[in-house]
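> Next one to model:
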Amino acid sequence: MEDTFWCSVALICLLISGVFFSGCSSEEPAGVTTPVPTTAPAVKYLAGDIIARSGTAAGSEYYLVLGYDRISDQYERAWVSRNPDGSFGYRTDNRTDRILRASLEKVYPVKISHVAVTSVPVVTPTVVAAATKTSGIAPSVLAISPDTASKDTIVSVTITGYNFQDGATVMLLQPGYTPVKATAVSVSSEKSIDCTFNLAGIDKGSMNLIVTNPDGQSDTMLNAFTVSVAGPIISSVYPGSLRAGETRQIVIYGQNFRDLFKVTLTQGSAVLDCTNPVFLDTTKLYCDLAIPADAKTGFWNLMVINVADQRTGLYFRPFTISSPT
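Got it, this is the predicted structure:
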């Protein structure tokens with residue numbers, strides 16, 4: 001009995017020792033590895049980037065990046081269009097879509113510009129409403145005269161064509177901008193319309209001409225009218241006369257002068273060029289005028305030409321050349 005008791009005690013001690021050493025072991029089970037943290041994918045584009053298939057993509061190929069979501073690994077994007085001056089831009093609607101980062105960066109690999117997303121407005125294109133009922137023949141626009149004017153001016157024009165009706169409306173439309181509606185519209189005949197446009201605040205560039213008859217039928221002449229930078233306007237010149245053989249600096253006052261200019265006096269086929277031109281500001285110019293001893297006496301016309309755009313201002317008979325005696 002005693003031997004049996006001590007054998008039982010020894011067995012119990014052995015079991016307790018095994019449990020103790022098993023719990024204190026610092027070794028990890030075979031095949032278990034510590035996870036290695038992964039890094040987020042590199043994002044090529046930021047919100048506000050304007051991207052395209054290539055650096056020479058057409059206007060319909062431009063996308064504006066609105067943002068990137070790391071959880072879904074997707075970009076949010078929207079179509080964006082150029083302004084008439086070539087800058088970006090505006091959107092024609094509020095539609096957006098999402099695309100996987102890898103797909104967008106592969107198909108649209110070129111960043112061509114960057115803008116603040118909040119600076120890109122949504123501009124709904126102006127569409128002439130379709131008439132519910134029409135009668136007669138649609139108008140046909142052939143020409144507009146004059147077909148150009150300076151920005152921030154008021155210009156009267158004559159439109160020629162066919163099938164114009166009393167009560168017709170006329171407008172100029174520059175894509176991305178509010179249309180300019182004509183005032184004082186007078187349909188003098190089925191072939192002619194007289195009207196006036198106020199070009200205040202209109203950017204330079206080409207504009208489409210739209211004539212709409214009261215029955216809703218219309219005709220559009222693309223790029224029919226051009227708004228340009230205002231040309232020089234001469235209001236006075238000092239001194240207003242010189243003698244033949246005399247040389248003196250003259251001062252020309254007016255508006256819309258530019259830093260590169262040319263001043264010329266003309267009388268019939270005779271021409272006198274002013275030298276040493278000095279641009280003071282857009283309202284004041286200087287130049288040296290040398291009158292030849294054999295110059296024709298009498299009234300001369302004064303002309304200022306802005307060299308950059310060749311816009312010309314003409315002042316009729318403001319200058320007099322008198323006899324040297």
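> C-alpha from now on. contacts and neighbour counts both.
Will do.
> Can you verify residue 106 is assigned to a strand?
No - the assignment for residue 106, made by DSSP: H, G, I helix; E, B strand; the rest coil, is helix rather than a strand.
> Give me the pLDDT value at it.
Note on residue 106: pLDDT of 85.
> could you list every residue that touches it?
Neighbour list for residue 106: empty [criterion: Cα atoms under 8 Å, 6 or more residues apart in numbering].
> I'd like the distance between it and residue 100.
10 Å (Cα to Cα, to the nearest Å).
> now swap in residue 51 and tell me
Residue 51 is 15 Å from residue 100, by Cα to Cα.
> ditto for residue 248
Distance of residue 248 to residue 100, given as Cα to Cα: 73 Å.
> cool, and residue 116?
23 Å.
> Check which residues of whichever strand or helix holds residue 320 are buried.
Counting by DSSP states H and E, the element that carries residue 320 is strand 311-322. Residues 311-315, 318-322 are the ones in strand 311-322 that count as buried (16 or more other Cα atoms under 10 Å).
> Return the alpha-carbon coordinates of the strand or helix carrying residue 248 using CSV.
Taking DSSP H and E as the definition, residue 248 sits inside strand 247-255. Written as CSV, here are the backbone C-alpha positions of strand 247-255 (Å, rounded to 0.1, in the frame of the first residue of the first chain):
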residue,chain,number,x,y,z
THR,A,247,10.5,119.7,-85.8
ARG,A,248,8.8,119.3,-82.5
GLN,A,249,7.5,116.7,-80.1
ILE,A,250,3.7,116.3,-80.2
VAL,A,251,1.3,114.9,-77.6
ILE,A,252,-1.7,112.8,-78.6
TYR,A,253,-4.6,112.3,-76.2
GLY,A,254,-7.3,109.7,-76.5
GLN,A,255,-8.2,106.1,-75.4
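> What helices and strands are in contact with that strand?
Contact here means 3 or more Cα pairs under 8 Å, 6 or more residues apart in numbering; DSSP states H and E; on that basis strand 247-255 packs against strand 233-238, strand 284-290.
> Contacts made by the longest one with the rest, please.
Right, strand 284-290. For strand 284-290, the surrounding residues in contact (Cα under 8 Å, 6+ apart) are 245-255, 257, 263, 273-280.
> Whichever helix or strand comes after that strand versus strand 247-255: what angle between them?
Going down the chain from strand 284-290, the next helix or strand is strand 298-306, by DSSP H and E. Put simply, strand 298-306 runs at 60 degrees to strand 247-255, going by axes from the mean of the first three to the mean of the last three Cα atoms, to 10 degrees.
> Quick one: mean pLDDT for strand 298-306?
So the average pLDDT for strand 298-306 ends up being 93.
> buried sites along it?
299-306.
> go on, stretch 75-92?
For stretch 75-92, a neighbour-count test (16+ other Cα under 10 Å) marks 75-82, 84, 88-91 as buried.
> Any chance of those residues in CSV with distance to residue 153 as columns?
Shown next, in CSV, are these (distance: Cα to Cα, whole Å):
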residue, distance to residue 153
75, 45
76, 43
77, 40
78, 36
79, 34
80, 31
81, 28
82, 25
84, 19
88, 26
89, 26
90, 26
91, 29
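> In strands, which of those residues appear?
The strands in this structure, assigned by DSSP state E, contain 75-79, 81-82, 88-90 from those.
> Which members of those are the farthest-apart pair?
Greatest spacing in these, by Cα to Cα: 75 and 82 (21.5 Å).
> Same list (the helices and strands packed on strand 247-255) but as JSON lines, adding mean pLDDT and mean neighbour count.
Listed next are the helices and strands packed on strand 247-255 as JSON lines, based on pLDDT from 0 to 100; neighbours: other Cα atoms under 10 Å:
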{"stretch": "strand 233-238", "mean pLDDT": "92", "mean neighbour count": "17"}
{"stretch": "strand 284-290", "mean pLDDT": "96", "mean neighbour count": "19"}
